[in-house]
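>>> coordinates for the following, if possible.
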Amino acid sequence: MQIKKRKLNLLLSKGLIWGCIVFLVMFFTIPYIWMSASAFKPRTEIFANIHPLSWRTFIPLHPTLENFYTLLVKMKFWLPLVNSLGIAFSTVTITLFISSLIAFAISRMEFRGRGLIFALVLSTLMIPFEAIMVPMFLVTQKLGLDNTYFGLFLPWVADAFIIFLFRQHFLEIPTDLQDAAIMDGCSPFQVYWKIMLPCIKPALISAAFIKFMYSWDSYIWPLIITRDPNKMVVAVAIAKLFTDQDILWELIFAGAFIATIPIVIIFIFLQRYYIEGIVSTGLHGQ
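You can find the predicted model right below:
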């Protein structure tokens, strides 16, 4: 009797867990499915079948590619796409290099004040962007970087969270490996470049994905730092479709659908490394 009761409780608990998982999946995917379907609908059809929900809500009755043609060709949405890709890849490349150098120095090199420097780096995580937005803009303007591509990504190439992520992974590498490299004649930079970086590949991929997503979705900073329409990024270009005269819903959905494609593709191919890099970030001490 007790065995049957335990099996029943186990079955009920598994059913509850799977029910919660299905609910969460539907909660987050249904809006995306509706948005993706609306990207292929004419404007008159987008809100025609939204209530009550039915299969017509999520499947276009008269699918069209006119929205994408208007957006990409007539409105030159391809230019913000190219800008965002270039800025995102530049941000990721420089951030990985600078943040990994800082993390290597903090975690693997002995010097006075190392802990204090790491504490100061982590303290920047508590400062909201709104608090530094105006000073950052003024500094960028004084340097002559406003309304330039460099001004869009240079202020973000040092990331405290990514430094923390790399530091934790560097600390998990055995000290004997570093000592052996030094005895073989490696300089500190060679130890960093040839020994340490290959050992934290999952962390590098995780950080690259996080920084790419952050850069790709950025809106406020590109909005205030650039005035040239040719330097517009994806998020700003989509926001420009909201006007006082009209809201171009069919183009907004098409633009949002296009904007999600790079993130989805990158996550699908790198999700194994991303999950491994985040999960394996232990709380290793000094």
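>>> if you count contacts, what does whatever helix or strand Ile261 lives in end up packed against?
Per DSSP states H and E: Ile261 is located in helix 249-279. Here helix 249-279 is seen to pack against helix 2-38, helix 43-46, helix 66-69, helix 201-217, helix 234-239 when contacts are counted using 3 or more Cβ pairs under 8 Å, 6 or more residues apart in numbering; DSSP states H and E. Backbone N, C-alpha and C define where each C-beta goes, glycine included.
>>> what about Trp18, neighbour count?
When neighbours are counted by other Cβ atoms under 10 Å, Trp18 registers 10.
>>> repeat for Leu79
Using other Cβ under 10 Å, Leu79 has 17 neighbouring residues.
>>> and it, how far from Met136?
Here the criterion is Cβ to Cβ, to the nearest Å. By it, Leu79 lies 25 Å from Met136.
>>> ok, Met26 next?
Going from Met26 to Met136 by Cβ to Cβ gives 40 Å.
>>> higher neighbour count, the two?
More neighbours surround Met136 than the other of Met26 and Met136, with 17 against 11 (other Cβ under 10 Å).
>>> one step back: list the buried residues of the helix holding Ile261.
Neighbour-count burial for helix 249-279, counted by 16 or more other Cβ atoms under 10 Å, picks out 249-259, 262, 266, 270, 273-274, 277.
>>> tell me the mean pLDDT over it?
Mean per-residue pLDDT for helix 249-279: 83.
>>> from the chain's centroid, how far away is that helix?
9 Å (Cα atoms, centre = their mean, to the nearest Å).
>>> got the contact list for the residue nearest the centre of the chain?
For the chain, the residue nearest the mean C-alpha position is Met213 (2.0 Å; Cα atoms, centre = their mean). Neighbouring residues of Met213 by Cβ atoms under 8 Å, 6 or more residues apart in numbering: Ile263.
>>> again, 10 Å this time
Ala88, Val92, Pro262, Ile263, Ile266, Phe267 (Cβ atoms under 10 Å, 6 or more residues apart in numbering).
>>> contacts only, for the fifth one.
It refers to Ile266. Contact analysis of Ile266 by Cβ under 10 Å, 6+ apart lists Ile205, Ala208, Phe209, Phe212, Met213, Trp216, Tyr274.
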